[in-house]
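**Q** Let me see the structure of the following:
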Amino acid sequence: MKADLDFIRAQFPAFSEPSLQGWAFFENAGGSYPCRQVVERLTAFYTQNKVQPYYPYPASARAGELMDESYQRLAAYLNAAPEEIHFGPSTTQNVYVLAQAMRPMWEEGDEIIVSCQDHEANAGAWRRLAQRGIRVVEWHVDPETGVLDTEVLQGLFTPRTRMVAYPHCSNVIGHVNPVADISALAKSHGALSVVDAVGWAPHEIPDVKALGCDIYMFSSYKTYGPHLGVMYVRRALMDQVENQAHFFKDGIHRNMLVPAGPDHAQVAAISGIADYFDQVYAHHFQEDAAAPVRARALNTLFRSREQELLTPLLDFLEARNDVRVVGPGMGEHRAPIVSIIPKNKSMEEVYKTLTGHKLMLGMGDFYAVRPLMDMGIPTTPGVLRISFVHYTSTPELEQLLEGLEAAL
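**A** Predicted structure coming up:
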């Protein structure tokens, strides 16, 4: 089954926006285009239901129903229970609150393992617990490939290890970590598995139960939705964390990790992601199926499309001697997040030429300071990052290759 790209791209208003015509978008790891379904839901909420939710009058009752629907539908696609889903203002904020909530579970001198491959969203707040009596153990990346080695991780556990925090996929290295294996290893040592998926969730709808992790988080603005942080926290763990919301919210799982309260409109609009998945599934597949089954079919469809573009891109780059590709080469564990460093020209010069070819890319450290430090790569100017998702077209890839040829 091949993805019907015309149908898929028709779901994204950006591809028919006049001001964006001719531009090819390759900075999806920083934030994807929102799908039409999310835009429509957000607009409708602001025009029809922008009132305090959960009162009995119609506009308010409908607002509450729309919010509840988002918890239910996102949970279904993630193979979780609605009460295990939390919508906060960002992943960074979610982790900060989570760190405060979990610290009382541990005693002074207990240990947490934090990877050096993380986007800082899943590193900074955990590391600051060192100021509150927790010993932070670093899991370094391979200095050449940027990859995390699970055998190295095995040697970091002690009887006092309480948690392992690591990314599903680095947002600069582009290597997909074996979350199910790491989660099982952590569990065997009595430790929690905490996964930052801001880099990987745009490429795969996760089955959190199959992954076996205790906490899984990503940013919905990178998965075609509004600017929220989505977090799965295993239900049993919620009974152990300290409430971070108002005292009278204690025991209400949906509220305990969102101290400022939810953004009503954005929470309601996030159901549009599920609408998008439903419609793409219905267009490509005949049989009806439960949400986790639809997710697996869509993952195969999306990843196949991404691989069609990733292979020629890496082939092009690896055949050249004037550019360094950061991270491993092509393989089943390679995400369409490709960071490069020019060898013969300054990064600024290359970036300017690429922009002149109407290519939208990123340059910098992307808050992935620690893996760059481990690999000896200066964080200024950092790397040039090329990132795409399943809606990227073949002509856009050709435009990228032409721009790289001219720029390098």
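**Q** can you tell me how far the closest residue to Phe12 other than its chain neighbours sits from Pro202?
**A** Spatial nearest neighbour of Phe12, excluding adjacent residues (CB to CB, 6 or more residues apart in numbering): Tyr33 at 4.8 Å. Placement of C-beta: from N, CA and C, glycine included. Separation of Tyr33 from Pro202 (CB to CB, to the nearest Å): 11 Å.
**Q** Overlap of the contact sets of those two?
**A** Tyr224 (CB atoms under 8 Å, 6 or more residues apart in numbering).
**Q** So between these two, which is more surrounded?
**A** Pro202 (27 against 21; other CB atoms under 10 Å).
**Q** if we can go back for a sec, report the secondary structure state of the residue nearest to Phe12.
**A** In three-state terms, and counting by DSSP: H, G, I helix; E, B strand; the rest coil, Tyr33 is coil.
**Q** Touching, it and Ala14? I think so.
**A** Yes. Counting by CB atoms under 8 Å, Tyr33 touches Ala14, with 4.2 Å between them.
**Q** which residues in the stretch 251-400 of the chain form strands?
**A** 323-326, 337-342, 359-360, 362-364, 383-387 (DSSP state E, counting those that start in this stretch).
**Q** Just name the most buried of those.
**A** strand 383-387 (a mean of 26; mean count of other CB atoms under 10 Å).
**Q** That one relative to strand 337-342, how many degrees between them?
**A** For strand 383-387 against strand 337-342, the angle by axes from the mean of the first three to the mean of the last three CA atoms, to 10 degrees is 150 degrees.
**Q** returning to what we had before: which pLDDT value belongs to the residue nearest to Phe12?
**A** As summarised for this prediction, Tyr33 has a pLDDT of 98.
**Q** State the distance from it to Gly225.
**A** Taken as CB to CB, the span from Tyr33 to Gly225 is 10 Å.
**Q** So which bits of stretch 326-338 are buried?
**A** Residues of stretch 326-338 classed as buried by neighbour count (16 or more other CB atoms under 10 Å): 326-328, 334-338.
**Q** Could you do stretch 187-200 as well?
**A** 189, 191-200.
**Q** returning to that earlier point: intersection of neighbour lists for Tyr33 and Ala14?
**A** In contact with both Tyr33 and Ala14: Phe25, using CB under 8 Å, 6+ apart.
**Q** just the angle between the longest helix along the chain and strand 383-387, please?
**A** If you go by DSSP state H, the chain has its longest helix at helix 291-318. Calculated by the same axes, to 10 degrees, helix 291-318 forms an angle of 130 degrees with strand 383-387.
**Q** Not counting its own residues, what contacts the worst-scoring helix or strand of the chain on mean pLDDT?
**A** Of all helical and strand segments in the chain, the minimum by mean pLDDT, DSSP states H and E falls on helix 253-256, at a mean of 94. Under the criterion CB under 8 Å, 6+ apart, residues 71, 83-86, 101, 233, 235, 238, 241, 243-246, 249-250, 261 lie in contact with helix 253-256.
**Q** Okay, helices next: where are they in the stretch 151-300 of the chain?
**A** 179-188, 208-211, 235-238, 253-256, 264-269, 271-284, 291-318 (DSSP state H, counting those that start in this stretch).
**Q** which stretch among those helices comes nearest Glu402?
**A** Nearest to Glu402 among the helices of the stretch 151-300 of the chain is helix 291-318 (10.5 Å), distances taken as CB to CB.
**Q** Can you mark which positions in that closest one are buried?
**A** 291-292, 294-295, 297-299, 301-303, 305-306, 309-310, 313-314, 317.
**Q** Packing partners of that helix?
**A** helix 58-78, helix 271-284, strand 323-326, strand 337-342, helix 394-407 (3 or more CB pairs under 8 Å, 6 or more residues apart in numbering; DSSP states H and E).
**Q** the inter-axis angle of it versus helix 271-284?
**A** 80 degrees.
**Q** Helix 291-318 versus helix 58-78: what angle between them?
**A** Going by the same axes, to 10 degrees, helix 291-318 makes 60 degrees with helix 58-78.
**Q** now the angle from helix 291-318 to helix 394-407?
**A** Using the same axes, to 10 degrees: helix 291-318 against helix 394-407 is 30 degrees.
**Q** mind checking how far helix 291-318 is from the chain centre?
**A** 16 Å (CA atoms, centre = their mean, to the nearest Å).
**Q** circling back to that earlier point, export the helices of the stretch 151-300 of the chain as JSON lines, with columns for distance to Tyr46.
**A** Below are these laid out as JSON lines (distance: least, CB to CB, whole Å):
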{"stretch": "helix 179-188", "distance to Tyr46": "37"}
{"stretch": "helix 208-211", "distance to Tyr46": "31"}
{"stretch": "helix 235-238", "distance to Tyr46": "31"}
{"stretch": "helix 253-256", "distance to Tyr46": "22"}
{"stretch": "helix 264-269", "distance to Tyr46": "6"}
{"stretch": "helix 271-284", "distance to Tyr46": "13"}
{"stretch": "helix 291-318", "distance to Tyr46": "27"}
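**Q** Which of the ones you listed sits closest to Ala44?
**A** helix 264-269 (8.5 Å).
**Q** Can you show me the CA trace of the closest one as PDB?
**A** The C-alpha trace of helix 264-269 is given here as PDB (Å, rounded to 0.1, in the frame of the first residue of the first chain):
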ATOM      1  CA  HIS A 264      -9.500  24.600  26.900                       C
ATOM      2  CA  ALA A 265      -9.500  25.400  23.200                       C
ATOM      3  CA  GLN A 266      -6.300  23.700  22.400                       C
ATOM      4  CA  VAL A 267      -7.300  20.600  24.300                       C
ATOM      5  CA  ALA A 268     -10.500  20.500  22.400                       C
ATOM      6  CA  ALA A 269      -8.800  21.000  19.100                       C
END
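**Q** what packs against it?
**A** Partner elements for helix 264-269 (3+ CB pairs under 8 Å, 6+ apart): helix 36-48, helix 58-78.
**Q** could you dump these to CSV with mean pLDDT, mean neighbour count and distance to Glu151?
**A** Below are the helices and strands packed on helix 264-269 laid out as CSV (pLDDT from 0 to 100; neighbours: other CB atoms under 10 Å; distance: least, CB to CB, whole Å):
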stretch, mean pLDDT, mean neighbour count, distance to Glu151
helix 36-48, 98, 18, 42
helix 58-78, 98, 19, 30
